[in-house]
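>>> Just to be clear, the model below is a prediction. Sequence and coordinates:
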Amino acid sequence: MRNPYILLIGMLILLVGCYPDIDYTSRGYTEKIIVEGIIESGKYPKIYLSLNVPLSESVDSTTIRDKVIRDAKVTVSDGNVKEILTSKWDVEHFPPYVYFGTEIKGQTGKTYHLKVEKGGYSVESQTTIPLDFQIDSVYIEPTSIDSLRTLSVAIKVNKDRKNAYRIYTKKSKDKRYIETPIVFNSDFSLDGLQKFTLSPLPNKNDSSFTEGKYFAIGDVVDIKVMAIDSTTTQFFKDLTMFSVIAGNISINEIKPLSSNIAEPGFGIWYGCAVQTKKIIIR
């Protein structure tokens, strides 16, 4: 999946906060509840909560752990069923604490409401999982290196839906899904059958690091394509721009990330229509 550390860092250092007492107005700063929430088709919701980091503090793993919120009440509703989420430590994510559901599973075309209550404050949001789609075909093509291949995915895009796509791959030798760091069709201009070339960016801890954006012959690869709506697309476009300018806070105070979380919160609660495919690189 997308590097959760980078996503959280981007949101945390964008916002100027105080200290973890949810004092939203004191000392001239504004403290916010940072929300990173997702509900995929066929999956239960997952929510990660923290407080933004003040400019006076360095942004590192220790600081972020100190800002993690572990005592909030998190509720998800689909309009018929309302569920209070359970929480636990999650070693596969950073920060390693998650609120998760066990009753409500995501369905394409349905809307889900999120409410987070903490310290007398509450923040809310809603998202709709896009309609279903299909992976039409997968292309494996040679490179200048005999043992490596490129990988592309073809999807039939419906321009009227205004959906973009995030695509992940997981090689058999790796322990996680790795994102191609592009929001495909982010301007919603494409229509009909479209071919998207994948270029994952493994890090030094991934077994496939030396392969870079390519795929080795013999690899078993899981492909995961996620359709997202226009609100979510704008958020990740802004987050990418924020990363490019290396965290220039002054610029982002003029044009902040496109959060869909009500004040005093910030972040993203989004639904994804998901399709997967498993292939062998030949």
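Yep, that arrived. The structure displayed is predicted, hence computed values, not measured ones.

>>> shaky segments in the chain?
Residue ranges of the chain with pLDDT under 70: 1-29, 55-59, 242-256.

>>> Could you rerun that using 90?
Counting by pLDDT under 90, the chain contains low-confidence ranges at 1-32, 51-67, 91-96, 119-121, 236-258, 263-266.

>>> What residue spans form the domains of it?
4-130+229-272, 135-228+275-280 (automatic domain parsing).

>>> Could you dump those into a markdown table and include mean neighbour count?
In this view, the C-beta of every residue, glycine as well, is placed from N, C-alpha and C. Converted to a markdown table, the domains of the chain look like this (neighbours: other Cβ atoms under 10 Å):
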| stretch | mean neighbour count |
| --- | --- |
| domain 4-130+229-272 | 18 |
| domain 135-228+275-280 | 16 |
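
>>> For the closest residue to residue 268 other than its chain neighbours, give me its contacts.
Of all residues not flanking residue 268 in the chain, residue 235 sits nearest, at 4.8 Å (Cβ to Cβ, 6 or more residues apart in numbering). Listed by Cβ atoms under 8 Å, 6 or more residues apart in numbering, the contact partners of residue 235 are 257, 258, 259, 260, 268, 270.

>>> The second one contacts residue 233, correct?
In other words, residue 258. No: under the criterion of Cβ atoms under 8 Å, residue 258 is not in contact with residue 233, lying 9.0 Å apart.

>>> Distance from the chain centre to the longest helix along the chain, please.
What stands out as the longest helix in the chain, according to DSSP state H, is helix 230-244. Its chain's average C-alpha position is 11 Å from that of helix 230-244, according to Cα atoms, centre = their mean, to the nearest Å.

>>> Using PDB, list the CA coordinates for that helix.
Taking Å, rounded to 0.1, in the frame of the first residue of the first chain, the C-alpha atoms of helix 230-244 are listed here in PDB:
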ATOM      1  CA  SER A 230     -13.100  13.300  -7.200                       C
ATOM      2  CA  THR A 231     -12.800  14.500  -3.600                       C
ATOM      3  CA  THR A 232     -10.300  11.800  -2.800                       C
ATOM      4  CA  THR A 233      -8.400  12.400  -6.100                       C
ATOM      5  CA  GLN A 234      -8.000  16.100  -5.200                       C
ATOM      6  CA  PHE A 235      -6.700  15.300  -1.800                       C
ATOM      7  CA  PHE A 236      -4.000  13.000  -3.100                       C
ATOM      8  CA  LYS A 237      -3.100  15.400  -5.900                       C
ATOM      9  CA  ASP A 238      -2.600  18.100  -3.300                       C
ATOM     10  CA  LEU A 239      -0.600  15.700  -1.100                       C
ATOM     11  CA  THR A 240       1.700  14.900  -4.000                       C
ATOM     12  CA  MET A 241       2.300  18.600  -4.700                       C
ATOM     13  CA  PHE A 242       3.000  19.100  -1.000                       C
ATOM     14  CA  SER A 243       5.600  16.400  -1.100                       C
ATOM     15  CA  VAL A 244       7.200  17.900  -4.200                       C
END
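
>>> just the helices in the stretch 51-200 of the chain please.
61-67 (DSSP state H, counting those that start in this stretch).
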